[in-house]
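K.L.:
no FASTA, just this:
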């Protein structure tokens, strides 16, 4: 088993998320967007001063261990302007990002990565940056429509295209450790009988090929960090494989480390609203201190999670929020 070194501190900056919320109260370890913006120089509140919410997710994960800071970008959100606008306003040090992970092959997580690569290289002296990818990401995908047609999604660039942008593609199905402390999972086994992927998704190898069912999303992976003496913080960008399956696999990969928190999209909206009750119940069996639902979780699931587990446990994400967890 891979065993990434434990860390003393985890700082998570939400670079892109569906939601903006700088007014709701938060726990002491969470800094709201407007406070972060003031810390980074905002002198007047105005529309042009603020971050923009967008359908997607991007997290800047910075860890500290023995006085050393290491930084990873987990996904890039859907579009270039969200990365540039939000990153600039939040004071993200793109030059400090030493690796990137694309969680799965969907546009709302990959679309902002080209801009992120450019900003990282502008800040690091032009060095190429590793980008961790799964080989199943590069087919064209789409969603089956009620009339039987298919609404296609934007493609994820092929490895050679990423390389031309200045990334160093690392294409693998296997687990890895990046930046010394961040575990990238392999493919996520299906353990539950109710988490069945993304209903209605299809894919094809080329423009003239027939669309084939692609609901399982075998290319999806999560990342995790071991906070010394407290437990594993698991980042699941979309949880198409099921957030319960994700946590089962995280526990299998690091069986001696308790699970501390789960953060990201739990994908309990749309067609997956039907599995909210079972998911909410099963999440209670992992002993999580915190849940940080974001992106595609959906308001019905967020409400159900809070009712079941309480607001001391369920802390919603939003663009611009900074979470700091100490050992």
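P.N.:
That came through fine. Only a predicted model underlies this, so the values are computations on that prediction, with no experimental measurement involved.
K.L.:
nearest residue to residue 114 other than its sequence neighbours?
P.N.:
Closest residue in space to residue 114, ignoring its immediate chain neighbours: residue 165 at 5.4 Å, by C-beta to C-beta, 6 or more residues apart in numbering. To be clear about C-beta, it is placed using only N, CA and C from the backbone, and glycine gets the same treatment.
K.L.:
do the same with residue 186
P.N.:
residue 175 (4.4 Å).
K.L.:
follow-up on the earlier one: residues in contact with the residue nearest to residue 114?
P.N.:
114, 117-118, 157 (C-beta atoms under 8 Å, 6 or more residues apart in numbering).
K.L.:
Just flag the most distant two among those.
P.N.:
Greatest spatial distance among the contacts of residue 165 (C-beta to C-beta): 118 and 157, at 13.6 Å.
K.L.:
got the contact list for residue 309?
P.N.:
280, 283-284, 291 are the contacts of residue 309 under C-beta under 8 Å, 6+ apart.
K.L.:
Any of those buried? List them.
P.N.:
280, 283, 291 (16 or more other C-beta atoms under 10 Å).
K.L.:
Is it correct that the first one is in contact with residue 306?
P.N.:
No. Counting by C-beta atoms under 8 Å, residue 280 sits too far from residue 306 to count as a contact (9.8 Å).
K.L.:
Export the contacts of residue 165 to JSON lines and append columns for pLDDT.
P.N.:
Listed next are the contacts of residue 165 as JSON lines, based on pLDDT from 0 to 100:
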{"residue": "114", "pLDDT": "98"}
{"residue": "117", "pLDDT": "98"}
{"residue": "118", "pLDDT": "98"}
{"residue": "157", "pLDDT": "97"}
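K.L.:
which residues make contact with the helix or strand containing residue 130 from outside it?
P.N.:
With elements taken from DSSP states H and E, the one containing residue 130 is strand 129-133. With contacts defined as C-beta under 8 Å, 6+ apart, strand 129-133 is touched by 97-102, 113, 117, 120-121, 159, 162, 166-172, 176, 178, 184.
K.L.:
Could you do stretch 292-302 as well?
P.N.:
Against stretch 292-302 from outside (C-beta under 8 Å, 6+ apart): 14, 17-19, 56-57, 237-239, 261-270, 273, 276, 279-280, 305, 314-318, 323.
K.L.:
So for the residue nearest the centre of the chain, what's the nearest residue that isn't a sequence neighbour?
P.N.:
Central residue of the chain (C-alpha atoms, centre = their mean): residue 237, 3.0 Å from the mean position. Nearest residue to residue 237 in three dimensions, chain neighbours excluded: residue 103, at 3.6 Å (C-beta to C-beta, 6+ apart).
K.L.:
Quick check: that neighbour is in a strand.
P.N.:
No. Looking at residue 103 with DSSP: H, G, I helix; E, B strand; the rest coil, it is coil, so not inside a strand.
K.L.:
My guess is it contacts residue 221. True?
P.N.:
Yes. Counting by C-beta under 8 Å, residue 103 does reach residue 221; the two are 6.0 Å apart.
K.L.:
what about residue 304, distance to residue 9?
P.N.:
Residue 304 sits 31 Å away from residue 9, going by C-beta to C-beta, to the nearest Å.
K.L.:
And for residue 294?
P.N.:
21 Å.
K.L.:
Among the buried ones among the contacts of residue 309, which lie within helices?
P.N.:
280, 283 (DSSP state H).
K.L.:
if we can go back for a sec, unless I'm mixing things up, the residue nearest to the centre of the chain is touching residue 110, no?
P.N.:
No. Using C-beta under 8 Å, residue 237 is not in contact with residue 110; the gap is 10.6 Å.
K.L.:
Next, show the common contact partners of those two.
P.N.:
residue 75.
K.L.:
What is the burial count for residue 311?
P.N.:
12 (other C-beta atoms under 10 Å).
K.L.:
Check the secondary structure at it for me.
P.N.:
coil.
K.L.:
before we move on, what about the one 5 residues further on?
P.N.:
Secondary structure state of residue 316, per three-state DSSP, is coil.
K.L.:
how about it, what does it touch?
P.N.:
19, 21, 24, 292-294, 302.
K.L.:
if you set the cut-off to 10 Å instead, what comes out?
P.N.:
17, 19, 21, 24, 26, 30, 291-294, 297, 299, 302, 305-306 (C-beta atoms under 10 Å, 6 or more residues apart in numbering).
K.L.:
Ok, residue 87 next?
P.N.:
13, 15-16, 51, 58, 60, 73, 77, 93-94, 112, 115-116, 119.
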